[in-house]
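The amino acid sequence is not available; the structure is as follows:
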């Protein structure tokens, strides 16, 4: 229990950002609920924001908060997004800068900034164990 509390504190700056987006999503037609150690929000502002991402994302993790376009997107991406929750627990407030730094490095080397990002490779591996390269 103490370890989980420390993880929540370590990730809390990003979880707060996700929570604010989630609460606004609820007030703009979306909904939210707690599932295990995460909060999940769908619809409303979350949908609007995700539709405007460069990759057309259907879900995104922000700390211990998963935001999705709709319930079907949450159900479809939950395992993938939970890998990102674990990554946030490991990297804490450094996760987002590290994510973008790695995307930039991958892109400058000729790779795909999203799909070849090591954080994404690890998350996609949940559905394809043969494609697993854990983050150092």
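Nice, I can see it. Because the structure is a prediction, the values reported are computed rather than measured.

the strands in the protein, which residues?
31-35, 38-42, 59-62, 65-68 (DSSP state E).

Now residue 114: phi and psi?
phi -90, psi -60 (degrees, to the nearest 10).

Give me the nearest residue to it, chain neighbours excluded.
Ranked by CB to CB, 6 or more residues apart in numbering and with sequence neighbours excluded, the top spatial neighbour of residue 114 is residue 55, at 5.2 Å. Using the backbone N, CA and C atoms, a C-beta is placed for each residue, glycine as well.

okay, now that neighbour: neighbour count?
11 (other CB atoms under 10 Å).

ok, now residue 53?
That count, for residue 53 with other CB under 10 Å as the rule, works out to 11.

Need the winner for burial among the strands of the chain.
Among the strands of the chain, the stretch with the highest mean neighbour count (mean count of other CB atoms under 10 Å) is strand 65-68, at a mean of 28.

before we move on, back to that, for the strands of the chain, which one sits closest to residue 101?
strand 59-62 (17.6 Å; CB to CB).

Is residue 4 in contact with residue 11, as I believe?
No: Residue 4 lies out of contact with residue 11 (CB atoms under 8 Å); the separation is 10.7 Å.

who's more crowded, the two?
Higher neighbour count among residue 4 and residue 11: residue 11, with 24 against 10, using other CB under 10 Å.
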